[in-house]
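Undergrad: 3D, please:
(one chain, ligands or ions: 2)
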Amino acid sequence: MSTIRSAGYNIVIGNDSIASLNKFLALKKYSTHFILCDENTFRDCLPELLYHCDYLHEAQLLEVESGEQSKNLNVCVDLWKSLTESEADRKAVLINLGGGTISDLGGFVASLYKRGIDFVNVPTTLLAMADASVGGKTGIDFEGLKNHIGTITQPAAVFVNPKFLDTLPQREVLAGLAEIIKAGLIADKKLFASVTRLKALSRQKADQIISASVQIKNKIVSKDPLEKNIRKALNFGHTIGHALESFALSTQQPLLHGEAVAFGMLSESFISLEQKLITKTEFLQIEKCIRKFYSGIQLPPPDNDRLLQLMRHDKKNQDETINFTLLDGIGKFKINCAVTDELIISALRKIQ
Ligand SMILES: NC(=O)c1ccc[n+]([C@@H]2O[C@H](COP(=O)([O-])OP(=O)(O)OC[C@H]3O[C@@H](n4cnc5c(N)ncnc54)[C@H](O)[C@@H]3O)[C@@H](O)[C@H]2O)c1
Ligand SMILES: [Zn+2]
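TA: Ligands and ions are numbered 1, 2, ... in the order given. Sure thing, here's the model as predicted:
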């Protein structure tokens, strides 16, 4: 088991991490414990959590429907009503048991209820373990725009138990791998190479790549929690990725966040190549890796105008130019790169 210290909180990773959560709750003496889950984490993860955590036996359960569509304001209102009806006070805690949808939503709800109560993330998807559960970004989608309303509020603690991955569908495992590939591409050449070689995800391998990814994210976020500069590195693949994801949300072919990011990384790597920031060989390595894991994913029919419009809404933009985080060789990044619409369209063609 390992513990990574972040901005005022701990990230505990390993098979005994739920026992650590129990100790953490004993020390904190919260007034009431609430657990937020969806129907899948209720079925597959809650029994394991309760088995190892006496402090949660009397916890109150809050359940939302699984999937991105729960990251919306109406669901928040329902959760705030439930907390109010249960008379949750400022010493209550919300345990987010689930993937990035649950930690984004639960973190957001907790960060505003009575001006902020503690929340603890217990991630159950690879994506949430390696990325979404740390760093403090919370939020919901609004008017068809991803993460349009949100806060930056750090969790009180994060407990990562890779055992939860045993029940996670393979498509979700692969989606989570995308954020780990991203961490490797922006900051750790060896991590990228090791994910590229991956055939199956053993428990030991999962521990290793989750820890590597969390350390990268944590290091970047600790230096720039409010995304004034280098935190933008974590947006690699996300300018095009978020546009693809938002666009797909309105079609019959929704994409998982990680899948959208995977294709976003491929097209943004193409932009990096065109801007002479990476070599052709590096680009081909990245393309091979993305095609290896995501060739079965079908993207919605292309609508480049709509995708460009969605990118303009993205938080990375100043004025009218669309700014990207690009690769500067594998394992390094360059933020605030202005890219013309023509080049973005060529990059979109690369994935269509
Ligand atoms: N805040 C951040 O820094 C950050 C970073 C990356 C992504 N995100 C957000 O995370 C969200 C995506 O998160 P996700 O990919 O974890 O998706 P998710 O939370 O929607 O979970 C994916 C699916 O897996 C199910 N599931 C979860 N754990 C399971 C388990 N152990 N066994 C069986 N089924 C399980 C869920 O019910 C759901 O159906 C997106 O909304 C994205 O914007 C946030
Ligand atoms: Zn992401």
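Undergrad: pretty sure G184 is touching V195, no?
TA: Yes - when contacts are counted by Cβ atoms under 8 Å, G184 is listed as touching V195 (5.9 Å). All C-beta atoms are positioned from the backbone trio N, CA, C, and that covers glycine.
Undergrad: Nearest spatial neighbour of the residue of the stretch 251-352 of the chain found nearest ligand 1, chain-adjacent residues omitted?
TA: When scored by Cβ to the nearest ligand atom, the stretch 251-352 of the chain has H257 as its residue closest to ligand 1, at 3.9 Å. The shortest distance from H257 to any non-neighbouring residue, by Cβ to Cβ, 6 or more residues apart in numbering, is to E245 (5.9 Å).
Undergrad: Please identify which helix or strand holds that neighbour.
TA: helix 238-249 (DSSP states H and E).
Undergrad: is that helix anywhere near ligand 1?
TA: No - Helix 238-249 lies apart from ligand 1 when judged by Cβ under 6 Å from any ligand atom; the minimum separation is 7.6 Å.
Undergrad: can you list contacts of that helix?
TA: The contact list for helix 238-249, computed with Cβ atoms under 8 Å, 6 or more residues apart in numbering, reads 68, 141, 144-147, 254-255, 257, 260-265, 267-268, 299-300, 303, 306-308, 310-311, 314, 316, 322-325, 344, 347-348.
Undergrad: Need phi/psi at the closest residue to Y9 other than its chain neighbours.
TA: Nearest residue to Y9 in three dimensions, chain neighbours excluded: A157, at 5.2 Å (Cβ to Cβ, 6+ apart). In terms of degrees, to the nearest 10, the main-chain angles of A157 are phi -170, psi 160.
Undergrad: Which pLDDT value goes with the spatially most central residue of the chain?
TA: In the chain, the residue lying closest to the centroid (Cα atoms, centre = their mean) is A132, at 3.1 Å. Per-residue confidence (pLDDT) for A132: 97.
Undergrad: Kindly report the same for G8.
TA: For G8, the pLDDT comes out at 88.
Undergrad: how close does it sit to L94?
TA: 17 Å (Cβ to Cβ, to the nearest Å).
Undergrad: the more surrounded of these two?
TA: L94 (30 against 10; other Cβ atoms under 10 Å).
Undergrad: List the buried residues for stretch 281-299?
TA: By neighbour count on 16 or more other Cβ atoms under 10 Å, the buried set for stretch 281-299 is 282-283, 285-287, 289-290, 293-294, 297, 299.
Undergrad: ok, now stretch 135-142?
TA: 135-141.
Undergrad: Now tabulate these in a markdown table and tack on distance to ligand 1.
TA: As requested, those are exported to a markdown table (distance: Cβ to the nearest ligand atom, whole Å):
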| residue | distance to ligand 1 |
| --- | --- |
| G135 | 5 |
| G136 | 8 |
| K137 | 4 |
| T138 | 6 |
| G139 | 7 |
| I140 | 9 |
| D141 | 8 |
